[in-house]
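**Student:** got a structure for you, letters missing:
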């Protein structure tokens, strides 16, 4: 029997057009801007409009080994989004806090999802579980096209699972978004 995989924070994960870097307290204003934008955050849990509370959360996150929170940047270093891995259950992880800022490169959604999945599978995970707000049709449609299976619906969310086999098929089907895989630099 092998041990269950563990989340591990990375300093930097480099893909094709995107780079993930570990979120720090210095990112509080950018994160708050995204999470309090009425359009961008309409399907996310509510975030108080307090820079100090966001900074406090990020200070706490820095000490928390149960999740990995990334600022997504373009290759020039401009922040263009966020994503978070958390809630490990055996060999499955959850992900969310996935927000795209204006000016993100074309293909942002697919490349960032593939980067996240490649990273998690390389850590030893065999799949993911996550929820998507029922009204967020474009996002749950995206996940279903990648191979995620809706396992239940409880207002206000659809709940999904995706397996390693489905993800490996997605890496082949969408290889043009991540032609050279990812490069990881750990903390």
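**Tutor:** Structure received. These numbers come from a predicted model, not from an experiment. Numbers count the residues shown, from 1 in each chain.
**Student:** heading toward the C-terminus, what's the first helix or strand past the longest helix seen in the chain?
**Tutor:** Scanning the chain for the longest helix, with DSSP state H as the assignment, gives helix 108-122. The helix or strand immediately downstream of helix 108-122 is strand 127-133, counting by DSSP states H and E.
**Student:** tell me the average confidence for that next one?
**Tutor:** What strand 127-133 shows for mean pLDDT is 97.
**Student:** now the end-to-end length of stretch 38-52.
**Tutor:** Its start and end residues considered, stretch 38-52 measures 20 Å (C-alpha to C-alpha, to the nearest Å).
**Student:** Identify the residues contacting it?
**Tutor:** Residues outside stretch 38-52 that contact it (C-beta atoms under 8 Å, 6 or more residues apart in numbering) are 28-29, 32, 34-36, 54, 96-97, 99-101, 132-133, 135-136, 139. To be clear about C-beta, it is placed using only N, CA and C from the backbone, and glycine gets the same treatment.
**Student:** same thing but 10 Å
**Tutor:** Applying C-beta atoms under 10 Å, 6 or more residues apart in numbering, the external contacts of stretch 38-52 come out as 28-29, 31-37, 53-54, 56-57, 81, 96-102, 132-136, 138-140, 156-157.
**Student:** now swap in stretch 147-158 and tell me
**Tutor:** Contacts to stretch 147-158, defined as C-beta under 10 Å, 6+ apart, come from residues 43, 127-137, 139-140, 142-144, 159-163, 165-170, 173.
**Student:** Just the buried positions in it, please.
**Tutor:** By neighbour count on 16 or more other C-beta atoms under 10 Å, the buried set for stretch 147-158 is 147, 148, 157, 158.
**Student:** What average pLDDT does that stretch get?
**Tutor:** For stretch 147-158, mean pLDDT is 97.
**Student:** So what would you say the end-to-end distance of that stretch is?
**Tutor:** One end of stretch 147-158 sits 15 Å from the other (C-alpha to C-alpha).
**Student:** so how far is it from its chain's centroid?
**Tutor:** Once both centres are worked out by C-alpha atoms, centre = their mean, to the nearest Å, stretch 147-158 turns out to sit 18 Å from its chain's centre.
**Student:** Stretch 81-92 now?
**Tutor:** Here the centre of stretch 81-92 is set off from its chain's centre by 8 Å, with C-alpha atoms, centre = their mean.
**Student:** Can you classify the closest residue to residue 72 other than its chain neighbours by secondary structure?
**Tutor:** Residue nearest to residue 72 in three dimensions, not counting chain neighbours: residue 81, with 3.9 Å by C-beta to C-beta, 6 or more residues apart in numbering. State at residue 81, reduced to three classes by DSSP: H, G, I helix; E, B strand; the rest coil: strand.
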